[in-house]
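Undergrad: just coords:
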């Protein structure tokens, strides 16, 4: 799993991004379980994710961060990246971010896609 760690901070909230290649739902579950073995990720407020499975099946989860999974999924669709799980993790800092949280999810996904293209 490629983990970029903390990408940005805003009003106390911290964001990180991770991801890996997957082929099916079992791979997704295994990747999430592996990520959450790390105490800091297990204690995160939100681990939102999105993936376009190789058969072009879209899957996402908001993990309490309503709408974040769809943001990830749309970015993956635009990039036509299939078979790759992207997880954006947020540690809530105590202040509501409103619509800025979607911009932060986009920033994290973009950083991940850029890192992936450099590999």
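TA: Structure received. Worth saying up front: this structure is predicted, and the values here are computed from it rather than measured.

Undergrad: pLDDT averaged over the biggest helix by length in the chain - what is it?
TA: Across the chain, the longest stretch assigned as helix under DSSP state H is helix 100-118. In this model, helix 100-118 has an average pLDDT of 94.

Undergrad: same deal with stretch 37-46?
TA: On average, stretch 37-46 scores 95.

Undergrad: just the strands in this protein please.
TA: Here the chain has its strands, by DSSP state E, at 2-10, 13-21, 46-52, 58-61, 84-91.

Undergrad: and the angle from the first one to strand 84-91?
TA: So that's strand 2-10. Here strand 2-10 runs at an angle of 40 degrees relative to strand 84-91 (axes from the mean of the first three to the mean of the last three C-alpha atoms, to 10 degrees).

Undergrad: pLDDT of strand 2-10, averaged?
TA: Mean predicted lDDT for strand 2-10 stands at 92.

Undergrad: what's the neighbour count on residue 1?
TA: 12 (other C-beta atoms under 10 Å). Placement of C-beta: from N, CA and C, glycine included.

Undergrad: if I look at it, how far off is residue 28?
TA: Applying C-beta to C-beta, to the nearest Å, the value for residue 1 to residue 28 is 12 Å.

Undergrad: now swap in residue 76 and tell me
TA: 13 Å.

Undergrad: so between the two, which is more surrounded?
TA: residue 76 (22 against 19).

Undergrad: just confirm the more buried one contacts residue 50, I think it does.
TA: Yes. Using C-beta atoms under 8 Å, residue 76 is in contact with residue 50, at 5.8 Å.

Undergrad: can you tell me, leaving aside adjacent residues, what's nearest to residue 113?
TA: Once flanking residues are discounted, residue 113 sits nearest to residue 79: 6.0 Å by C-beta to C-beta, 6 or more residues apart in numbering.

Undergrad: quick revisit: now the strands of the chain as JSON lines including mean neighbour count?
TA: Below are the strands of the chain laid out as JSON lines (neighbours: other C-beta atoms under 10 Å):
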{"stretch": "strand 2-10", "mean neighbour count": "14"}
{"stretch": "strand 13-21", "mean neighbour count": "22"}
{"stretch": "strand 46-52", "mean neighbour count": "25"}
{"stretch": "strand 58-61", "mean neighbour count": "17"}
{"stretch": "strand 84-91", "mean neighbour count": "25"}
